[in-house]
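Enquirer: here is the input, now give the coordinates:
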Amino acid sequence: MKTSIFKIIGIFLLLGVSKLASAQIPAIPPEVVDNYVEGITTDFNTYMGSYMSPLLKGIGHGFNSGWYNTARPHKSFGFDLTISANMAYVPTADQVFTFNPTDYTVLDLADPTDNVLPTVMGGSTTTEVISYLDKGNSISPYVQVPVLDGVQDQLSQLPIEAIAVPSPIVQLGVGIFKGTEVKVRWVPTIQNDQGIDYSYFGLGVMHNVSQWLPVLKDLKFLDVSGFIGFTNIDLSYTLGADSPIDGINQAANFGVNTITYEVVGSATVSVLTGYVGLGFDSFKTNLNMNGDYYVRIPGTDTGAGEAKQTITDPVDLNAKDGGFRATVGARLKLAILTLHANYTLQAYNTLNVGVGFSFR
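Expert: Have a look, this model is predicted:
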């Protein structure tokens with residue numbers, strides 16, 4: 001967790017803590033400093049919005065998946081407990097992004113011809129980015145540092161090479177009445193002395209519609225159901241003394257909200273069930289960095305160190321996505337033990353595999 005947070009805020013090194021270079025210039029006007037502070041905040045959000053986008057989208061698509069492994073709801077008081085994992089595969093196009101200098105107020109590339117940079121799910125690069133105190137001024141003080149690498153090199157060391165965002169699921173399904181089942185995803189709120197505060201809750205409802213249709217209700221091996229489900233996740237991390245950037249009251253906050261609507265069909269023969277699902281989903285993910293961060297101003301070192309300015313709540317990133325989805329999968333039931341796997345076609349195709357215990 002700490003490593004991930006440091007990765008997210010590592011781009012703050014652009015603000016003046018490495019490789020400082022400055023020309024002999026007169027005193028810097030206050031408005032230039034103000035413009036720099038405002039520009040670095042805006043540019044940081046622009047850069048991180050592109051860099052973090054596939055992770056935010058992958059989490060959203062992942063937690064919208066894995067809700068069912070059959071279209072047949074439990075009988076009254078029947079239940080299942082399922083543990084599964086989703087892998088939302090990141091398209092090749094989302095593993096990189098193009099850095100357009102005109103989109104940035106104070107940032108630019110050291111090499112303008114090398115403008116295709118990795119996202120968090122991308123590879124590595126030797127490209128460096130420059131933070132100018134006064135962009136466009138050839139004698140402006142600047143900071144030059146490497147851009148952030150992605151995690152692709154670390155993923156390649158895993159037994160199964162896949163550029164995908166994982167999302168674990170623990171789910172309980174309970175039959176209530178008339179072919180209706182309620183599904184709950186829940187983890188007790190976690191708070192610890194490492195500054196982590198985590199809560200996770202999801203609720204879904206499946207209702208068997210084939211029982212009301214004249215032909216389908218007589219086909220005992222076939223079930224058709226409607227399903228709706230949502231998930232809410234909140235994670236916050238207080239940086240405290242571990243923050244590499246000076247400041248106070250620093251915290252990172254991450255949230256996910258997802259919802260899916262689907263029609264699910266399944267056919268069961270002996271211990272094997274095949275199932276398909278068609279529908280739509282949507283999600284919103286957000287990443288915020290709150291608190292005060294002290295920014296060093298390039299070119300203001302008079303022997304006592306660079307002047308500092310305070311940036312408050314510098315990061316507010318959001319990702320929204322969704323659309324049509326189609327799922328196909330199979331489940332094997334041995335007594336009360338179930339094994340299942342399914343694959344969902346959507347913007348980020350998602351694989352779900354899991355094991356569970358099912359009764360009635």
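Enquirer: could you use CA atoms for every contact and neighbour count after this?
Expert: Fine.
Enquirer: the helix or strand harbouring Ile311 - what's its average pLDDT?
Expert: According to DSSP states H and E, Ile311 maps onto strand 308-312. Average pLDDT, strand 308-312: 79.
Enquirer: what pLDDT does the model give Gln211?
Expert: The model's pLDDT for Gln211 equals 91.
Enquirer: repeat that for Lys320.
Expert: Per-residue confidence (pLDDT) for Lys320: 83.
Enquirer: secondary structure element for the nearest residue to it once chain neighbours are set aside?
Expert: Closest residue to Lys320 apart from its sequence neighbours, by CA to CA, 6 or more residues apart in numbering: Lys284 at 4.6 Å. Using DSSP H and E, the element containing Lys284 is strand 272-296.
Enquirer: ok, that strand: who's next to it in the sheet?
Expert: Within its sheet, and counting by DSSP bridges, strand 272-296 is paired with strand 247-269 (antiparallel), strand 308-312 (antiparallel), strand 315-334 (antiparallel).
Enquirer: distance of the residue nearest to Lys320 from Tyr142?
Expert: Noted for Lys284: a distance of 36 Å to Tyr142, by CA to CA, to the nearest Å.
Enquirer: for those two, indicate the residue with more neighbours.
Expert: More neighbours surround Tyr142 than the other of Lys284 and Tyr142, with 24 against 20 (other CA atoms under 10 Å).
Enquirer: picking up where we left off before, got a list of what the residue nearest to Lys320 touches?
Expert: Residues in contact with Lys284 (CA atoms under 8 Å, 6 or more residues apart in numbering) are Gly60, Val256, Asn257, Thr258, Asn318, Ala319, Lys320, Asp321.
Enquirer: ok, which pair from those is furthest apart?
Expert: Across the contacts of Lys284, the longest distance by CA to CA is 13.3 Å; it joins Thr258 and Asn318.
Enquirer: looking at the two, which has the bigger crowd around it?
Expert: Per other CA under 10 Å, whichever of Thr258 and Asn318 has more neighbours is Thr258, with 25 against 18.
Enquirer: the more buried one reaches Phe283, doesn't it?
Expert: Yes - Thr258 is within contact range of Phe283, at 4.1 Å (criterion: CA atoms under 8 Å).
Enquirer: pull the distance from the host helix or strand of Leu172 to the chain's centre.
Expert: Take DSSP H and E as the rule and Leu172 turns out to sit in strand 164-175. When distances are taken as CA atoms, centre = their mean, to the nearest Å, strand 164-175 is centred 16 Å away from the chain's centroid.
Enquirer: direction included, what does that strand pair up with?
Expert: By DSSP bridges, strand 164-175 pairs with strand 79-89 (antiparallel), strand 180-191 (antiparallel).
Enquirer: mind giving me the packing neighbours of the next helix or strand after the last one?
Expert: It refers to strand 180-191. Once the chain leaves strand 180-191, the next helix or strand it forms, by DSSP H and E, is strand 196-208. Helices and strands touching strand 196-208, by 3 or more CA pairs under 8 Å, 6 or more residues apart in numbering; DSSP states H and E, are strand 180-191, strand 222-238.
Enquirer: spit out the contact partners of the nearest residue to Val90 once chain neighbours are set aside.
Expert: Using CA to CA, 6+ apart and skipping the chain neighbours, the partner closest in space to Val90 is Ala164 (5.4 Å). The contact partners of Ala164, by CA under 8 Å, 6+ apart, come to Gly58, Met87, Ala88, Tyr89, Val90, Met121.
Enquirer: let's see it at 6 Å
Expert: Listed by CA atoms under 6 Å, 6 or more residues apart in numbering, the contact set of Ala164 reads Met87, Ala88, Tyr89, Val90.
Enquirer: what about it, distance to Met48?
Expert: 19 Å.
Enquirer: cool, Asp218 as well?
Expert: In terms of CA to CA, Asp218 sits 55 Å off from Met48.
Enquirer: can you list the weak-confidence ranges in this structure?
Expert: Along the chain, segments meeting pLDDT under 70 span 1-27, 138-139, 155-161, 190-195, 240-245, 299-307.
Enquirer: re earlier: turn the strands paired with strand 164-175 into JSON lines, columns for distance to Asp292 and mean neighbour count.
Expert: Formatted as JSON lines, those follow (distance: least, CA to CA, whole Å; neighbours: other CA atoms under 10 Å):
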{"stretch": "strand 79-89", "distance to Asp292": "34", "mean neighbour count": "22"}
{"stretch": "strand 180-191", "distance to Asp292": "23", "mean neighbour count": "17"}
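Enquirer: using a markdown table, lay out those together with distance to Gly66.
Expert: As requested, the strands paired with strand 164-175 are exported to a markdown table (distance: least, CA to CA, whole Å):
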| stretch | distance to Gly66 |
| --- | --- |
| strand 79-89 | 7 |
| strand 180-191 | 11 |
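Enquirer: any idea which of those gets closest to Asn249?
Expert: Among those, strand 180-191 sits nearest to Asn249 (CA to CA), with 17.3 Å.
Enquirer: contacts for that closest one?
Expert: By CA under 6 Å, 6+ apart, the residues outside strand 180-191 that reach it are 73, 170-175, 197-207.
Enquirer: just the buried members of those?
Expert: Buried by 16 or more other CA atoms under 10 Å: 73, 170-175, 197-207, out of the contacts of strand 180-191.
Enquirer: burial count for Ile28?
Expert: By the criterion of other CA under 10 Å, Ile28 has 14 neighbours.
Enquirer: picking up where we left off before, run the chain-centre distance for the strand holding Ile311.
Expert: Here strand 308-312 is found 28 Å from its chain centre; the criterion is CA atoms, centre = their mean.
Enquirer: how about stretch 137-152?
Expert: Relative to its chain's centre, stretch 137-152 lies at 25 Å (CA atoms, centre = their mean).
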